[in-house]
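J.: here is the input, now give the coordinates:
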Amino acid sequence: MRKEYDFSKMKRVPNLFEKLSKEITFRLDFDSLDYFQKVGDAYGFPAEKVMQLYLQKLASADKVLNIGFPTLEERKDLDAYIERQIERETKA
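T.: Sure thing, here's the model as predicted:
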């Protein structure tokens, strides 16, 4: 090994990890934040890290997330069904 290296001639290498994640901002209710903070405290992680790990686990499970609301397609089908029912009632 040399005693000194000249880094001025060094080629810049792109950061391969830069595109693996993206920083976002979103609002979170206090109860949810408290929950993630308590879980994080138990493991020694900040709440943000616990949320990231949880979301990664959900995404990697490749399951359809049911949030308790109809999807856009389900709402469209429901609207069409209601329209048909109204048409039938007005004809009768």
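
J.: phi, psi for the residue nearest the centre of the chain please.
T.: Nearest residue to the geometric centre of the chain (C-alpha atoms, centre = their mean): Leu55, 5.6 Å. Dihedral pair for Leu55: phi -70, psi -40, per degrees, to the nearest 10.

J.: give me the distance between it and Asp31.
T.: 18 Å (C-beta to C-beta, to the nearest Å). Just so you know, the C-beta spots here come from the backbone N, C-alpha and C atoms, and that holds for glycine as well.

J.: quick one: pLDDT of the residue nearest to the centre of the chain?
T.: For Leu55, the model assigns a pLDDT of 91.

J.: OK, contacts around it?
T.: Counting by C-beta atoms under 8 Å, 6 or more residues apart in numbering, Leu55 touches no other residue.

J.: now what about the strand or helix carrying Arg88, what contacts it?
T.: According to DSSP states H and E, Arg88 maps onto helix 72-91. Outside of helix 72-91, the residues within contact range by C-beta under 8 Å, 6+ apart are Pro70.
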